[in-house]
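K.L.:
No letters, just coordinates:
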């Protein structure tokens with residue numbers, strides 16, 4: 001049985017990202033400083049963990065805090081490899097959608113490496129579509145709430 005917990009602990013975020021960083025294309029450490037990034041997420045984003053007993057097994061961080069904006073932005077979503085395929089990413093995306101609707105958001109955006117077929121497939125199954133091609137193999141995907 002797992003639960004979803006909200007957290008603003010930069011240490012918790014950093015520890016989790018260090019455990020999963022090699023599962024990203026390219027690995028996180030090649031793109032950013034995980035400690036600095038975790039501090040930023042803890043301070044400005046909404047951070048949700050899926051916890052199995054006492055173990056953090058999945059994580060999403062997103063921005064839905066701009067009062068004048070109609071958009072939320074998923075900045076990172078990760079599931080520990082041994083827990084993939086259990087629908088945890090779907091659960092986290094549903095939580096992002098739920099929280100975004102309470103903040104009157106109309107869209108959710110995210111960037112993903114277009115070579116990450118598992119991630120892009122997951123996002124498409126959750127209603128996201130290709131919105132824009134970006135630089136360096138990235139694509140911007142978008143989910144729009146039904147009116």
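P.N.:
Structure's in. What do you need? Keep in mind it's a predicted model, so treat the numbers as computed, not measured.
K.L.:
just checking, what packs against the lengthiest helix in the chain?
P.N.:
Using DSSP state H to define each element, the chain has its longest helix at helix 88-102. In this structure, helix 88-102 makes packing contacts with strand 2-6, strand 46-52, strand 55-63, strand 71-79, strand 107-113, helix 117-125, judged by 3 or more Cβ pairs under 8 Å, 6 or more residues apart in numbering; DSSP states H and E. Where C-beta positions appear, they are placed from N, C-alpha and C, glycine not excepted.
K.L.:
Would you mind giving the ones you listed as CSV with distance to residue 14 added?
P.N.:
Below are these laid out as CSV (distance: least, Cβ to Cβ, whole Å):
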stretch, distance to residue 14
strand 2-6, 16
strand 46-52, 11
strand 55-63, 11
strand 71-79, 12
strand 107-113, 21
helix 117-125, 21
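K.L.:
low-scoring pLDDT stretches of the protein, where are they?
P.N.:
Counting by pLDDT under 70, the chain contains low-confidence ranges at 147.
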